[in-house]
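Undergrad: Okay, sequence plus prediction incoming.
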Amino acid sequence: MNILVCISHVPDTTSKINFTDNDSKFDANGVQFVINPNDEFGLTRAMWFKEKQGAKVTVVNVGGSETEPTLRKALAIGADAAIRVNTKATDGFKVAKQLAKVITDGSFDLVIAGRESIDYNGGMVPGMVAGLTNANFVNNCIALEVDGNTASATREIDGGKETISVGLPLIIGGQKGLVEESELRIPNMRGIMMARQKPLTVVEPDETNSKTASIKFEKPAPKGAVKLVPEDNLDELINLLHNEAKVI
Amino acid sequence: MSVLVYTESDQGKLKKGAFEVASYGKAVANQLGTTVTAISINADETSVLGNYGVDKVLTVSSSELESFNAKIYASVIKQAAEKENSQIVIISSSADSKYLAPLLAVDLQAGYVSNVIETPISTSPFTVKRNAFTNKAFEITQINTNVKIVGVSSNAFGLVESNGSATAEDFSPTIEASNLKVESVDRTTNKVTIADADIVVSGGRGLKGPENWGMIEELADVLGAATACSKPVSDLGWRPHSEHVGQTGKPVASNLYIAIGISGAIQHLAGVNASKVKVVINTDAEAPFFKAADYGVVGDAFTVVPKLIEKIKAFKAQQ
Ligand SMILES: Cc1cc2nc3c(=O)[nH]c(=O)nc-3n(C[C@H](O)[C@H](O)[C@H](O)COP(=O)(O)OP(=O)(O)OC[C@H]3O[C@@H](n4cnc5c(N)ncnc54)[C@H](O)[C@@H]3O)c2cc1C
Ligand SMILES: Nc1ncnc2c1ncn2[C@@H]1O[C@H](COP(=O)(O)O)[C@@H](O)[C@H]1O
């Protein structure tokens, strides 16, 4: 099995989010970048396919050279090879177009991406890749098994889950559940050393126009002070929720 | 030229999100001086959409569409958009709608923007405001294609009634075959889901152990709320993963979010901050969640929650 894991390079979850250039750009100053958590679950599941079923695992990112440490980290965790498509990820469609080309060129039969990136929260790249490559697609995937040319994928639905049987080629939008939290791996020294020897190929992008453009960012207005209610006066809490907030 | 809204249903019943996208679609149609058409699949009763501004409903009924299939549903919506010559398609933020939207975007060669929270700032160029960075910021995005897909954030625009009426028209799209087969569905029955809930009651590690969740469930019951939890609570196996909310769990955008024994870590807040009103119950007055909350009780959950349940029961009884 030839697996491609899509890796989005995102600010660490604890990052303070700031903007620059007149609030038109994300300010990466002092921000630590990580593998998007949804992709980390996917990569860890891919390692299982590698170790148990002999799959080959390639990771890919569409982005500038600043994302290479994130790809190296994925190699240190155990991926065999990395590809970086050398262009700015300006919108989901453009990223999907680049990934579609990588998938066709590399004849990958299983593509593991994440449900969404925690930076722009687009939630669209894997679905668009599936649409562009005509592969099957399962989103919100919380369990995945592959047997020959068929996969069994479990998807979280509002209020439950469903299990789907589906043929390869397949793209999934993965999330927590694909592996247990405790299975996530921190790269060790040996992995880091080995990662240096593994191929990280830079490919030039296909001509694509973005369909959407980010114009400006705003931050939410600061929150007013909390109204504290003494614990022996819960009637007041109910009064506030009913008459002031009008939520009960 | 009609604005097309995809009004989702579940087992024949229109979902709350259907009325939200209808309300939003009506507002956009007003901006553009056009009408609203809804596309609904296997919904029993669609005339009620008229109360939210829909002029016409394309009703599809087909046993082949009984279980949700993103690719096939996207193709049905595409055919509806083409029939209506719609330049704008509006969908909700349910798991199913978010699943089909990117496929639809490729089918229609449309620009797609998700998590939109307000009516367009401008319709030419078409510019919308959306949540980004998991509620830590807003992004103003422009869609540059002829056909546009807008995904509306849950509970952001809300329901707006209008006194119109909707005509129904049978619609029989071509239904493709699928090579994706649903083998089994496992639904938690009779429980409000986090996605649909107006109120969410959430518990954290402060509750000490799974045996103490009875009062969380009871509070949720009396409020008609869904239950949720912080990440460590699901990692410890006290509650199912499907209840984990936050940046790496489910997003919550309810009207009321009640956090009990949750400290308010940045990753937790990021995922629940889109909720309109937040109430925090915590023994520690310094817990960071109080800074993000609207109302708070500094106190022990084990005494406050049972009292609160009794008070709310009494309040509901006299309503
Ligand atoms: C990459 C990453 C992603 C993460 N994603 C998420 C996420 O999506 N969602 C999430 O929730 N977390 C997430 N976390 C974890 C997060 O950082 C916190 O560790 C977690 O939210 C803490 O959970 P908690 O508030 O339940 O527990 P604690 O931080 O242990 O807080 C327990 C609280 O209960 C209070 N308390 C104790 N006893 C009582 C009592 N008797 N009555 C009332 N209050 C009491 C305490 O004062 C304390 O404030 C993530 C972390 C990382 C690193
Ligand atoms: N620039 C990128 N390079 C590689 N993969 C990406 C990129 N952006 C998004 N993805 C993948 O698509 C998923 C969903 O991203 P998004 O649609 O941006 O929310 C991510 O979890 C990644 O797996």
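TA: Cool, got the structure. Ligands and ions are numbered 1, 2, ... in the order given.
Undergrad: Show me what counts as buried in the longest helix along chain A.
TA: Across chain A, the longest stretch assigned as helix under DSSP state H is helix A:37-53. For helix A:37-53, burial by neighbour count (16 or more other C-beta atoms under 10 Å in any protein chain shown) applies to A:37-47, A:49-50. C-beta: built from backbone N, CA, C; applies to glycine.
Undergrad: can I assume residue B:302 is in contact with residue B:211?
TA: No. Using C-beta atoms under 8 Å, residue B:302 is not in contact with residue B:211, being 11.9 Å away.
Undergrad: So the two - more neighbours on which side?
TA: Higher neighbour count among residue B:302 and residue B:211: residue B:302, with 14 against 8, using other C-beta atoms under 10 Å in any protein chain shown.
Undergrad: what about the closest residue to that one other than its chain neighbours, distance to ligand 1?
TA: Computed as C-beta to C-beta, 6 or more residues apart in numbering or on different chains, the closest residue to residue B:302 that is not its neighbour in sequence is residue B:212, at 7.5 Å. Separation of residue B:212 from ligand 1 (C-beta to the nearest ligand atom, to the nearest Å) stands at 9 Å.
Undergrad: wait, residue B:212 sits on residue B:300?
TA: No. Residue B:212 lies out of contact with residue B:300 (C-beta under 8 Å); the separation is 11.7 Å.
Undergrad: on that earlier part again, now, which of the buried residues of helix A:37-53 lie close to chain B?
TA: A:37, A:38 (C-beta under 8 Å from any C-beta of the partner chain).
Undergrad: Redo the buried residues of helix A:37-53 as CSV? Include pLDDT.
TA: Output for the buried residues of helix A:37-53, formatted as CSV (pLDDT from 0 to 100):
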residue, pLDDT
A:37, 97
A:38, 97
A:39, 98
A:40, 98
A:41, 98
A:42, 98
A:43, 98
A:44, 98
A:45, 98
A:46, 98
A:47, 98
A:49, 98
A:50, 98
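Undergrad: Please convert the buried residues of helix A:37-53 to TSV, extending it with distance to ligand 2.
TA: Listed next are those as TSV, based on distance: C-beta to the nearest ligand atom, whole Å:
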residue	distance to ligand 2
A:37	9
A:38	5
A:39	5
A:40	9
A:41	10
A:42	7
A:43	9
A:44	13
A:45	12
A:46	12
A:47	16
A:49	16
A:50	18
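Undergrad: Does at least one residue of stretch B:121-140 sit close to chain A?
TA: Yes. Between stretch B:121-140 and chain A, judged by C-beta under 8 Å from any C-beta, the touching residues are B:127, B:129, B:131, B:132, B:133, B:134, B:135, B:136, B:137, B:138, B:139, B:140.
Undergrad: and that stretch, C-alpha only, in CSV?
TA: Below are the C-alpha coordinates for stretch B:121-140, written out as CSV (Å, rounded to 0.1, in the frame of the first residue of the first chain):
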residue,chain,number,x,y,z
ILE,B,121,-20.4,42.4,4.1
SER,B,122,-20.6,43.1,0.4
THR,B,123,-22.2,41.1,-2.4
SER,B,124,-19.9,42.5,-5.1
PRO,B,125,-17.1,41.6,-4.5
PHE,B,126,-18.7,38.8,-2.5
THR,B,127,-17.2,39.2,1.0
VAL,B,128,-18.0,37.4,4.2
LYS,B,129,-16.8,37.2,7.7
ARG,B,130,-15.9,33.8,9.2
ASN,B,131,-14.5,32.3,12.3
ALA,B,132,-10.9,31.2,12.0
PHE,B,133,-8.1,30.1,14.3
THR,B,134,-10.7,28.1,16.2
ASN,B,135,-12.6,31.2,17.4
LYS,B,136,-9.5,33.1,18.3
ALA,B,137,-10.0,35.5,15.3
PHE,B,138,-12.3,36.4,12.4
GLU,B,139,-11.3,36.3,8.8
ILE,B,140,-12.8,38.5,6.1
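Undergrad: Counting neighbours, which bits of it end up buried?
TA: Within stretch B:121-140, the residues scored as buried using 16+ other C-beta under 10 Å are B:126-140.
Undergrad: Mind checking which of the residues you listed land in strands?
TA: Counting by DSSP state E, the buried residues of stretch B:121-140 place B:126, B:127, B:128, B:129, B:130, B:131, B:132, B:137, B:138, B:139, B:140 in strands.
Undergrad: Show me which pair in those is furthest apart.
TA: Greatest spatial distance among those (C-beta to C-beta): B:126 and B:137, at 20.7 Å.
Undergrad: the helices in chain A, which residues?
TA: Taking DSSP H as the test, the helices found in chain A are A:37-53, A:68-77, A:92-106, A:125-133, A:189-197, A:234-239.
Undergrad: Summarise which helices and strands the fifth one is packed against.
TA: It refers to helix A:189-197. For helix A:189-197, the elements it packs on are helix A:68-77, judged by 3 or more C-beta pairs under 8 Å, 6 or more residues apart in numbering or on different chains; DSSP states H and E.
Undergrad: Give me the average confidence score over the helix it packs on.
TA: Averaged across helix A:68-77, the pLDDT comes to 98.
Undergrad: same question, stretch B:36-45
TA: On average, stretch B:36-45 scores 97.
Undergrad: what does it rub up against?
TA: By C-beta atoms under 8 Å, 6 or more residues apart in numbering or on different chains, the residues outside stretch B:36-45 that reach it are B:2-9, B:12-14, B:18, B:22, B:25-26, B:29, B:46, B:49, B:53-62, B:65-66, B:73, B:76-77, B:80, B:84, B:86, B:166, B:171.
Undergrad: Show me which of the residues you listed are buried.
TA: Those of these that meet the buried threshold are B:2-9, B:14, B:18, B:22, B:25-26, B:29, B:46, B:49, B:53-60, B:65, B:73, B:76-77, B:80, B:84, B:86, B:166, B:171, by 16+ other C-beta under 10 Å.
Undergrad: Close to ligand 2: what parts of chain A are there?
TA: Contacts of chain A with ligand 2, taken as C-beta under 6 Å from any ligand atom, map to A:6-8, A:36, A:38-39, A:60-63, A:89, A:92, A:95, A:113-114, A:116-117, A:120-126.
Undergrad: out of those residues, who's near ligand 1?
TA: Answer for those near ligand 1: none qualify (C-beta under 6 Å from any ligand atom).
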